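Colleague: Build me a structure from this.
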Amino acid sequence: MALTNRDGVPVDPVPCFVVIGLAAMVLLSFGPIYGTAFGLSIRTGIIISGALTVVAAGLSYYRMIWLFDPVHEAELTGETRLRRLIYLMAILIAVALLLTIPLL
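Modeller: A predicted model of the protein is given here:
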């Protein structure tokens, strides 16, 4: 089964699956721990983390598959793609650093 965008054009789903997997990994690993630090039970933390994982999966599908425009992506230069990659790496580093800050 090939996933298609809103125009019916087949789209490679692998990047979307990677984003969903990374979001699930971070949310389900850190969510319950941070939830207990704020006074929630483990069960509530897991439920909230699971719900946020579903929301992240839906947003990833919408952005990376449903709205994907192959014509627009083909027009991007290598410089633009590199700039996007550097911005995303900076965001990932910032998120990792924020997750390592111990809660008081």
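Colleague: drop to CA atoms for contacts and neighbour counts, all remaining ones
Modeller: Will do.
Colleague: Flag the helix or strand of the chain with the lowest per-element mean pLDDT.
Modeller: The weakest-scoring helix or strand in the chain, judged by mean pLDDT, DSSP states H and E, is helix 70-74 (a mean of 76).
Colleague: shaky segments in the chain?
Modeller: Under the criterion pLDDT under 70, the flagged ranges of the chain are 1, 102-104.
Colleague: which residue ranges form the helices in this protein?
Modeller: 14-37, 42-61, 70-74, 78-100 (DSSP state H).
Colleague: With distance to residue 5 and mean neighbour count as added columns, please give these in TSV.
Modeller: Below are those laid out as TSV (distance: least, C-alpha to C-alpha, whole Å; neighbours: other C-alpha atoms under 10 Å):
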stretch	distance to residue 5	mean neighbour count
helix 14-37	12	16
helix 42-61	10	17
helix 70-74	10	9
helix 78-100	21	11
